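# structure of the sequence below:
(one chain, ligands or ions: 2)
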Amino acid sequence: MMEQAVAGSRSHTTRLRRVVVKIGSALLTNDGRGLDEAAIGGWVDQLAELHRRGVEVVLVSSGAVAEGMVRLGWQVRPSALHDLQAAAAVGQTGLVRSYEDNFARFDIRTAQILLTHDDLSNRKRYLNARSALRTLIGLGVVPIVNENDTVVTDEIRFGDNDTLGALVVNLLEADALIILTDQEGLYNADPRKDADAQLISEGKADDPRWVAVAGDGGKLGRGGMATKIRAARLAARSGALTLIASGRQPKVLSRLLEGEEVGTLLMPEHAPMTARKRWLAGQLQVRGTLTLDRGAVARVRQRGSSLLPVGVTAVEGNFRRGDMVLCVDGDGEPIAKGLANYDAQDTSRILGVPTHDIVAHLGYIEAPELIHRDNMVILHDP
Ligand SMILES: Nc1ncnc2c1ncn2[C@@H]1O[C@H](COP(=O)(O)OP(=O)(O)O)[C@@H](O)[C@H]1O
Ligand SMILES: N[C@@H](CCC(=O)OP(=O)(O)O)C(=O)O
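Numbering: from 1, shown residues only. Ligands and ions are numbered 1, 2, ... in the order given. Below is the predicted model of the structure:
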């Protein structure tokens, strides 16, 4: 049903398999009047429908501070960090309880994931966050992500959940970032200030014109359109498209995924795999070297296969899991580079070892391959 004929770029939105849906504060809390339970129920109905169709869904939800303010009886958003943190702590529990109760109507389990900037910039924590989220998705659980407001300081906070949503898209290599907000999409001027503003239906995520038209947010939201545009650019880095639409439009999520022209579609310049390979190619920091035997060189080069430990004869360097390593042939000629699934020490223990023996050597198996083909770029053609 979702694959029906849809013309133009909107046809891309009918093929989404993993989406990150971000819901902003203004929308969630009825512009500060408290959690809009009816609206949350409506979004969960739609998210459950996507889930039923097999679309993997991750929710990034704001609203902890806004809801905490209501619960504490505060009319104005506090400026002191400790007050914001207190409000977030009070509001977050209400927020996740509401989602949990609503998803339970569909027998779908939810999980709370609170992230900080550090969790995504530190390589090890990044990989841990990624595997935890992937595991949850694999279990059919809907992760509900927010910034861990009670532990972040001003210097290290994402500050707006648009950016956080885009980083989660990159982390999970999701197909799309869907931003639900209180406007119909991106306009050519802030519609709160300009009654003649026109909705932009479609464009490129990195079009420099958007920066000029995207302004600040309302009294509750933090970033406005400016951070949504930046988020679209970030999401495009891993080849994801971004949709910005009004959360108040009936059945907005289903309509977007059926290719209906609602909201704004911002397309990435490159398809996901090309975007990923470009990103990999641009990573300059090579932390180690693997020497490949002839068989491995041929497979990697000619078939684009993953690199298995069995085809590696030597290891150099002090890299960690997830670091970039260079692959060379027996003469030291560069063949490929990619992200290692094992650190240098464990790699040295499984050199030449067939996949089925990895556990016997390490006591665990992280992945059957040393470098997965999706995480590898070939450097020279023969
Ligand atoms: N060009 C634009 N198009 C649409 N909205 C814009 C634009 N420039 C600024 N805005 C403002 O961005 C607001 C949405 O952002 P924000 O308040 O941060 O909401 P959220 O909590 O959903 O992130 C809109 O209400 C609107 O006033
Ligand atoms: N972590 C914060 C969200 C930050 C924020 O305001 O984001 P947004 O409304 O999406 O611009 C909260 O839950 O209140």
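
# and Tyr126, how many residues sit next to it?
Residues lying near Tyr126 (other C-beta atoms under 10 Å) number 17. In short, each C-beta sits where N, CA and C put it, glycine included.

# before we move on, what SS does it have?
The three-state assignment at Tyr126 reads helix, by DSSP: H, G, I helix; E, B strand; the rest coil.

# who touches it in this structure?
For Tyr126, the contacting residues are Asp119, Leu120, Leu171, Gly322, by C-beta atoms under 8 Å, 6 or more residues apart in numbering.

# so which of those residues sit within helices?
Counted as lying in helices by DSSP state H, out of the contacts of Tyr126, are Asp119, Leu120, Leu171.

# now do the buried residues in the longest helix seen in the chain.
Secondary structure assigned by DSSP H gives helix 81-104 as the longest helix of the chain. Buried residues in helix 81-104, defined by neighbour count with 16 or more other C-beta atoms under 10 Å: 83-88, 90-92, 94-96, 98-100, 102-103.

# can you check what angle separates the helix or strand just after it from helix 81-104?
Using DSSP states H and E, the helix or strand that directly follows helix 81-104 along the chain is strand 110-115. Angle of strand 110-115 versus helix 81-104, following axes from the mean of the first three to the mean of the last three C-alpha atoms, to 10 degrees, is 160 degrees.

# list of residues touching strand 110-115?
Counting by C-beta under 8 Å, 6+ apart, 92, 96, 99-100, 103, 129, 132-133, 136, 141-149, 164, 168 sit against strand 110-115.

# ok, Val300 to Val328 distance?
Applying C-beta to C-beta, to the nearest Å, the value for Val300 to Val328 is 11 Å.

# how about the contacts made by Gly140?
Neighbouring residues of Gly140 by C-beta under 8 Å, 6+ apart: His51, Ile108, Arg109.

# pLDDT value on the closest residue to Gly304 other than its chain neighbours, please?
Nearest residue to Gly304, sequence neighbours excluded (C-beta to C-beta, 6 or more residues apart in numbering): Arg373, at 5.7 Å. Arg373 is assigned a predicted lDDT (pLDDT) of 91.

# neighbours around Arg373, how many?
By other C-beta under 10 Å, the residues close to Arg373 number 17.

# try Asp216
The local packing of Asp216 (other C-beta under 10 Å) involves 14 other residues.

# quick one: it is in a strand?
No: according to three-state DSSP, Asp216 belongs to no strand; its state is coil.

# contacting residues for it?
Asp216 touches Asp190, Gly223, Gly224, Ala226, counting by C-beta under 8 Å, 6+ apart.

# before we move on, back to that, give me the buried subset of the contacts of Gly140.
Neighbour-count burial (16+ other C-beta under 10 Å) applied to the contacts of Gly140 gives His51, Ile108.

# and the contacts of Gly140 near ligand 2, which?
Checked against ligand 2 using C-beta under 6 Å from any ligand atom, the contacts of Gly140 give no members in range.

# could you dump the contacts of Gly140 to a markdown table with pLDDT?
What follows is those, written out as a markdown table (pLDDT from 0 to 100):
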| residue | pLDDT |
| --- | --- |
| His51 | 97 |
| Ile108 | 98 |
| Arg109 | 98 |
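
# closest one to ligand 1 out of the contacts of Gly140, please.
Nearest to ligand 1 among the contacts of Gly140 is His51, at 22.6 Å by C-beta to the nearest ligand atom.

# wasn't the closest one part of a strand?
No: counting by three-state DSSP, His51 is located in no strand; its state is helix.

# tell me the mean pLDDT for stretch 235-246?
Stretch 235-246 shows a mean pLDDT of 95.

# can you pull the pLDDT of Pro78?
88.

# list the contacts of it.
Met69, Leu84, Ala87.

# show me where the stretch 51-200 of the chain dips below the pLDDT cut-off.
Residues of the stretch 51-200 of the chain meeting the criterion pLDDT under 70: 123, 154-156.

# what about Val377, which SS state?
The three-state label given to Val377 by three-state DSSP is strand.

# kindly report the same for Val315.
Assigned with three-state DSSP, Val315 falls in the strand class.

# hmm, back to that, so among the contacts of Asp216, where is pLDDT lowest?
Lowest confidence among the contacts of Asp216: Gly223, with 75.

# tell me the contacts of that one?
By C-beta under 8 Å, 6+ apart, the contact set of Gly223 is Gly159, Asp160, Asp162, Thr163, Asp216, Gly217.

# please apply the same query to Glu261.
If you count contacts by C-beta under 8 Å, 6+ apart, then Glu261 has Arg10, Ser201 around it.

# tell me how many other residues surround the residue of the stretch 1-150 of the chain at minimum distance from ligand 1.
The minimum distance from the stretch 1-150 of the chain to ligand 1, using C-beta to the nearest ligand atom, falls at Gly24 (2.0 Å). The tally of other residues near Gly24 (other C-beta under 10 Å) stands at 30.

# is it true that it touches Ile179?
Yes: counting by C-beta atoms under 8 Å, Gly24 touches Ile179, with 7.4 Å between them.

# so what's in contact with these two at the same time?
Any residue near both Gly24 and Ile179 by C-beta under 8 Å, 6+ apart counts here, and that gives Asp162.

# does Asp190 touch Ala226 like I think?
No: using C-beta under 8 Å, Asp190 is not in contact with Ala226; the gap is 10.0 Å.

# gap between Thr181 and Gln302?
From Thr181 to Gln302 the distance is 48 Å (C-beta to C-beta).

# and stretch 321-337, how far apart are its ends?
End-to-end distance for stretch 321-337, by C-alpha to C-alpha, to the nearest Å: 14 Å.
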